[in-house]
Every structure is written in structure tokens, then in C-alpha cells.
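**Student:** kindly return the folded structure for what I paste below:
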Amino acid sequence: MMSGANKTWKIIIFARSESELVTLEKKLEPIVDGIIIDTRPQKEGYQITGFCLNEPEERDLNSCILEDTVSQRVTLPKYEVRQIFDADWEEEYKEQTKPITVGRFFIYPDHFCGVPPVKKVPVAISAGLAFGTGEHQTTSGCLMAIDKIVEKGKALETVMDVGCGSAILAIAVSKLVPKASILALDNDFMAVSTAKKNIQKNNCKDTITVVESDFYLASEIALFRPFDLIVANILADPLIEKAYETASQLKLNGRLILSGLLRKQSKDVINAYNKAGLIMVDTLELDGWMTLTFKHRQCIDKNPNRDFLC
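**Tutor:** Numbering: from 1, shown residues only. Here you go, the predicted model:
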């Protein structure tokens, strides 16, 4: 390796259950600049890989990992911290990211040298230090839900992607509905930077606006609201916390797609959005991860048998 090369810190944690996987992911988010989650069970458990541009503080990691395990009197999850060169990170990224097909989408990374299948919708994605390459079940579930809504003929003029990460979902909508005006939000400046690059790469810069924002604080939202479609692939707790605020952003005949939650968390999420005036109209489960689609209960009461007129 060349001396003086840029370095990144890599944190590897093995969660011993799906529930611990979600908990550790949530606790790692404020500490790391990017996360890769492998939901395929390994001998040690489910692998979470975090990447930091600056050396992580040991006390932050200990707080993240120890908080729940000590209170529950269980053994610590296995973890390690390594310092790697950017070149090593790039090689690892290439090794872990391969072209995949999700429904009619063909999602491929920067280093793909082939030709996308003719009948598929090509989406070029570099995750960088942002979540979203299409491989995670929650991302795949959202892509399938988006495809289903568009295929049914739902008109989409305004769309919001909450917690956009790499912007894969915003780009997918733009590819299917080129005239839609799309707002993509993320509270991580690295994700926003990655999203902008991916949007440029997919020739979607005229239809997608990316904003760094913690949920609905961005002033730009007023220029788009209300929305025909909102997609939020984040975590169960913030989804529940923001249920009323999210529902208020949606048109009466709009659709809401939620993901980032496990099967056992779905009941609480559904209850929260029912209380906010929405009702679930579709669900998809991939390896225990749920994707839920909602619309306004008032819309169903008015037109119980006319789905996409309302």
C-alpha cells in the first residue's frame, strides 16, 4: 500500500438474532458513516459492518453494544474494529456488490461491465457509505411494492423518499414514472452526497431533489406536498413515532410504503398508522422483513370497490 493513503475504520458486529440485528443497527447509526447488513445467517450470527471516516471512540462502541446486553445479563455480541485503506474498502465493496434483479428492476454497481437485460429497468447504484444496493430484503420489498403500485395504474405526480440512503427507491420511481416530481430526504450528509451522484448517474437530476433533513423539517417539502406516494424504509421506532406526521403529508388518494421492520414489529407499526387514519392494503414478507402499503381509511370508506380512483 502507498503511504499516506486515506484510511477508513471498519467495525464488524455479529448479531445473534433478528431482533438484536435491528437493535444494533439502530444504535450504530449515530456512530458510523455507513452500514452494510448481511441478513443471511452465518455461524457467528448476522453480520453488521459499519464504516467510519474517523476512528470510532471506544466508549461509544461500548455504550452501543453493552447497553442492552448488560441489562439483560447475556453475553456480549462478538465484534471487532479494523483500520483499512480506501483501496481495501473499494475492493471489498466490489466483492460484496453484484448485479441483481428485483421484479422488473436490474440493479447494478459501478464496476459492472456488462449490458443490462433489454426488458429490465436499469438502475445504476453506488452505495458508497449509504444504505441501499437493493440486496437487503427491505429495499427489495419497497422496490416490489413501488412496481406493483405503478403497474396497477396509480398516477404519481409527487413522491417522497424518506431516509433515501443511496436514492435507489427515488431513482426506481423516476425510471417508471419519468414525469413524477420526487423529493428524497436523508439526515446523513454522506448519504445525501451519494444520492446526488447516483441520481446524476441515472440521468434523473431533473426529476429528483435531494435534501439533507431530519424527517419533515425541510422547507422544500412545502413545494411538493401533499404526496401521491411516500416511501419510508427506515426502522420501526421512528416509523411509529412519526405516524401522524407522515400521514398528514399524504394525499387523500395517496399511498404509503413502509419497511425496515421485522414481522414481530409490524403489529405496532400497523396500529400506529391505523390511529393516524390509514389502513393497510398490502403486505410483503421477505425472510422475516416486512413491507407494508397503506392508504387513507377515509378513501376506502368513500370508494370501497374502486381502489385507484381513491
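
**Student:** can I assume I171 is in contact with Q200?
**Tutor:** No: using CB atoms under 8 Å, I171 is not in contact with Q200, being 10.5 Å away. (C-beta placed from N, C-alpha, C; glycine too.)

**Student:** more neighbours: these two, which one.
**Tutor:** I171 (30 against 11; other CB atoms under 10 Å).

**Student:** what helix or strand is the more buried one on?
**Tutor:** I171 is part of helix 168-176 when elements are defined by DSSP states H and E.

**Student:** what's in contact with the helix or strand just after that helix?
**Tutor:** For helix 168-176, the following helix or strand on the C-terminal side (DSSP H and E) is strand 181-186. Here strand 181-186 makes contact (CB atoms under 8 Å, 6 or more residues apart in numbering) with 130, 157-165, 167, 170, 173-174, 192, 195, 199, 204, 207-213, 215-216, 218, 220-221, 224.

**Student:** top strand in the protein by residue count?
**Tutor:** Taking DSSP state E as the criterion, the chain has its longest strand at strand 250-262.

**Student:** thinking again about what came up before, among the contacts of strand 181-186, which ones are buried?
**Tutor:** Buried by 16 or more other CB atoms under 10 Å: 130, 158-165, 167, 170, 173-174, 192, 195, 199, 204, 207-213, 215-216, 218, 221, 224, out of the contacts of strand 181-186.

**Student:** buried ones in the helix or strand following the longest strand of the chain?
**Tutor:** Per DSSP H and E, the first helix or strand lying C-terminal to strand 250-262 is helix 263-275. By neighbour count on 16+ other CB under 10 Å, the buried set for helix 263-275 is Q265, S266, V269, I270, A272, Y273.

**Student:** quick check: angle from helix 263-275 to strand 250-262?
**Tutor:** 160 degrees (axes from the mean of the first three to the mean of the last three CA atoms, to 10 degrees).

**Student:** gap between the following helix or strand past helix 263-275 and the chain center?
**Tutor:** Per DSSP H and E, the first helix or strand lying C-terminal to helix 263-275 is strand 278-286. The chain centroid and the centroid of strand 278-286 are separated by 17 Å under CA atoms, centre = their mean, to the nearest Å.

**Student:** now do stretch 171-181
**Tutor:** 17 Å.

**Student:** now stretch 49-65
**Tutor:** Remark: stretch 49-65 is offset 21 Å from the chain centroid, using CA atoms, centre = their mean.

**Student:** what is the rounded mean pLDDT of that stretch?
**Tutor:** For stretch 49-65, mean pLDDT rounds to 73.

**Student:** please apply the same query to stretch 278-298.
**Tutor:** Rounded mean pLDDT across stretch 278-298 is 92.

**Student:** then it to PDB, C-alphas only?
**Tutor:** Extracted in PDB, the C-alpha atoms of stretch 278-298 (Å, rounded to 0.1, in the frame of the first residue of the first chain):
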ATOM      1  CA  LEU A 278     -54.600   5.000   7.400                       C
ATOM      2  CA  ILE A 279     -55.300   1.300   6.700                       C
ATOM      3  CA  MET A 280     -53.000  -1.300   5.300                       C
ATOM      4  CA  VAL A 281     -53.900  -2.500   1.900                       C
ATOM      5  CA  ASP A 282     -51.000  -4.700   1.000                       C
ATOM      6  CA  THR A 283     -48.100  -6.600   2.700                       C
ATOM      7  CA  LEU A 284     -45.000  -8.400   1.600                       C
ATOM      8  CA  GLU A 285     -42.700 -10.500   3.700                       C
ATOM      9  CA  LEU A 286     -39.100 -11.400   2.700                       C
ATOM     10  CA  ASP A 287     -37.100 -13.600   5.100                       C
ATOM     11  CA  GLY A 288     -39.000 -12.100   8.100                       C
ATOM     12  CA  TRP A 289     -38.700  -8.500   6.900                       C
ATOM     13  CA  MET A 290     -41.900  -6.700   6.200                       C
ATOM     14  CA  THR A 291     -43.000  -4.100   3.600                       C
ATOM     15  CA  LEU A 292     -46.400  -2.600   4.300                       C
ATOM     16  CA  THR A 293     -48.600  -0.400   2.000                       C
ATOM     17  CA  PHE A 294     -51.200   1.900   3.400                       C
ATOM     18  CA  LYS A 295     -53.800   4.400   2.200                       C
ATOM     19  CA  HIS A 296     -56.300   6.700   3.900                       C
ATOM     20  CA  ARG A 297     -59.300   4.900   5.600                       C
ATOM     21  CA  GLN A 298     -61.500   7.800   4.500                       C
END
